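J.: Here is my input; please provide its structure:
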Amino acid sequence: MANGDQNVPEMHVQDVEEHEQDSLVQKVKMALIGVIAIGAVAVVFTVITGSADAENQEASFKLGRAANAFVQGDYQTAISGNPTVTTHFDGKELSQPGLEDIANQYSGTEPGAVAAMMAGRVYLMGGDIANAQTMFQKASSSTSRILKSGGNAGIGACESANGNHAAAAASYVLAADNAISDYNAAMYRMMAADLFAKAGDQGKADEQTKIVAAMSGNNQYIAEARELAK
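T.: Have a look, this model is predicted:
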């Protein structure tokens, strides 16, 4: 803030901290959009190639219906489903399910993990941190690195929103460990560094910054880390 700007109200320390936490959550929300899209495509591809078992095929079919509501921004229907809308799959009549039901019914499957990721993001956007974290935990148990990374990032956002800096930082480290892009890996590690510092563990903060500074390539997070590491 420029010293000469007299029209901007002074921000108190608590306001700054809340703003920083909101910024972290917003970054994760944006990162999860890509994770969800990639995960959904992977599930659809599995069905198209016919390599999924019957349970996965049914789960993927249901996910496609719920994901359509999600993409259209009808988040209530995406989460809860619509029992008045029916469709048919493999000779069975099915009501339109919600993401949370899919995540719970097909826990341990990739469609279930993608549904959990989507549900977590909907809850996070609505400020329902407890339910968001439950869904992200389901997603993080996936064998897919994409979903494992996104799930742990979501958990980090929830822990950060609750002011649990050390726990949030640890989750972001796990998200970085499983990230498939250097951009996300660097972003999550720099988030972890910031949160470790807030938790009073400067040693772990410096460790994460040094890891990012040593990464090949260049993006805003790597550049920031290299500047801090000087």
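J.: alpha carbons only for contacts and neighbour counts from here, please
T.: OK.
J.: Need the contact partners of the longest strand along the chain.
T.: Using DSSP state E to define each element, the chain has its longest strand at strand 82-89. Under the contact criterion Cα atoms under 8 Å, 6 or more residues apart in numbering, strand 82-89 has outside partners 58, 61, 93-98.
J.: Show me which pair in the residues you listed is furthest apart.
T.: Based on Cα to Cα, the longest span within these runs between 93 and 98 and measures 15.7 Å.
J.: neighbour-wise, which of these two wins?
T.: Neighbour count, other Cα atoms under 10 Å: between residue 93 and residue 98, residue 98 has more, with 26 against 10.
J.: contacting residues for that one?
T.: 66, 77-82.
J.: Could you check how far the residue nearest to it when sequence neighbours are not counted is from residue 126?
T.: Nearest non-adjacent residue to residue 98, counting by Cα to Cα, 6 or more residues apart in numbering: residue 81, 3.7 Å away. Per Cα to Cα, to the nearest Å, residue 81 is found 17 Å from residue 126.
J.: Break the protein into its domains for me.
T.: Per automatic domain parsing, the domain ranges recorded for the chain read 20-143, 163-230.
J.: and residue 3, what pLDDT?
T.: With respect to pLDDT, residue 3 has a value of 39.
J.: what does residue 69 give?
T.: We note a pLDDT of 86 for residue 69 in this prediction.
J.: Touching, it and residue 62? I think so.
T.: No. Residue 69 is not in contact with residue 62 according to Cα atoms under 8 Å; the separation is 11.5 Å.
J.: the more surrounded of the two?
T.: The neighbour count for residue 69 versus residue 62, taken as other Cα under 10 Å, is higher for residue 62 (25 against 18).
J.: any idea what the more buried one is structurally, helix, strand or coil?
T.: helix (DSSP: H, G, I helix; E, B strand; the rest coil).
J.: Now tell me which helix or strand of the protein has the poorest mean pLDDT.
T.: helix 13-48 (a mean of 46; mean pLDDT, DSSP states H and E).
J.: The longest strand of the chain pairs with which strands?
T.: strand 92-96 (antiparallel) (DSSP bridges).
J.: Which positions within the strand it pairs with qualify as buried?
T.: 95-96 (16 or more other Cα atoms under 10 Å).
J.: C-terminal to that strand, what's the next element?
T.: Sequence order places helix 99-105 as the next helix or strand after strand 92-96, per DSSP states H and E.
J.: For whichever helix or strand comes after that next one, name the packing helices and strands.
T.: As assigned by DSSP H and E, the chain's next helix or strand after helix 99-105 is helix 110-125. Packed against helix 110-125 by the contact rule (3 or more Cα pairs under 8 Å, 6 or more residues apart in numbering; DSSP states H and E) you find helix 13-48, helix 54-71, helix 75-80, helix 99-105, helix 129-140, helix 145-161.
J.: okay, the angle between helix 110-125 and helix 145-161?
T.: Counting by axes from the mean of the first three to the mean of the last three Cα atoms, to 10 degrees, helix 110-125 lies at 20 degrees to helix 145-161.
J.: and stretch 67-84, how far from the chain's centre?
T.: 19 Å (Cα atoms, centre = their mean, to the nearest Å).
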